[in-house]
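Trainee: Pasted the sequence and its predicted model underneath.
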Amino acid sequence: MALTLVTPPAADPVSVADIKAHLKIDGSLEDPMLLRYLQAAMAHLEGRDGWLNRAFISQTWDWTLDAFPCGALAVPLPPLRSVTSIEYIDTNGLGQTLSPTAYSVDTKSEPGWITPAYGTTFPSALPVYNSVTVRFVAGYGDGPSSVPAPIRLALLGMVGDTYEHRVTEGVIPGWVNNYLASYQVR
């Protein structure tokens, strides 16, 4: 399984202005450093390598697989907003796009699921690496206000801890583990 970012988020879950208000900082001299601290905190929490293993702001990904499963696909990086397309290489070596009527998408569950349409199975794909590509959109929404408050507050706190103590960028304070445990995808 491989994930490739196609369209990054249009915004960050918190802005430098939010951070400055949280830390009571005036002026713009430290803005670049605060942005680096935010990026480090997000890298520790968000995405396929992050502690939460989820997407915050809407972003488009390609998920490549070596074959269709026998059953359902659990889509990584919840919350799943939509599936844009499913492409595969058929057993004749030809590229195909699976009709949206051939599968169902569950965006309510975490993780989200893709299942074959009722009474059907996924088609056979050529047994080669990366023969199936699922393009999907993940994230809570298009702007910072759509991200749950505990996640936004944890990011502010992590940036604040890094700023105040000048600790290594992106270190996750112990309180974050307890604060965000219910958002962690296992």
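Mentor: Great, that's in hand.

Trainee: what's the closest non-adjacent residue to Pro116?
Mentor: Residue nearest to Pro116 in three dimensions, not counting chain neighbours: Phe122, with 5.2 Å by C-beta to C-beta, 6 or more residues apart in numbering. Placement of C-beta: from N, CA and C, glycine included.

Trainee: could you list every residue that touches the one you found?
Mentor: Neighbouring residues of Phe122 by C-beta atoms under 8 Å, 6 or more residues apart in numbering: 68-69, 98, 103, 116.

Trainee: Quick check: the two most widely separated of those?
Mentor: For these, the farthest-apart pair by C-beta to C-beta is Pro69 and Leu98; their separation is 13.6 Å.

Trainee: if you count what's nearby, which of the two comes out ahead?
Mentor: For Pro69 and Leu98, the more surrounded residue by other C-beta atoms under 10 Å is Leu98, and the numbers stand at 19 against 14.

Trainee: Show me which residues of stretch 150-157 are buried.
Mentor: 151-152, 154-157 (16 or more other C-beta atoms under 10 Å).

Trainee: swap in stretch 95-107?
Mentor: Here stretch 95-107 shows 98, 103, 105, 107 as buried, counting by 16+ other C-beta under 10 Å.

Trainee: taking those residues one by one, which sit in strands?
Mentor: Cross-referencing the buried residues of stretch 95-107 against strands under DSSP state E gives 103, 105.

Trainee: Which of the buried residues of stretch 95-107 sits closest to Ala138?
Mentor: Thr107 (9.8 Å).

Trainee: Isn't that closest one up against Val75?
Mentor: No - using C-beta atoms under 8 Å, Thr107 is not in contact with Val75; the gap is 9.1 Å.
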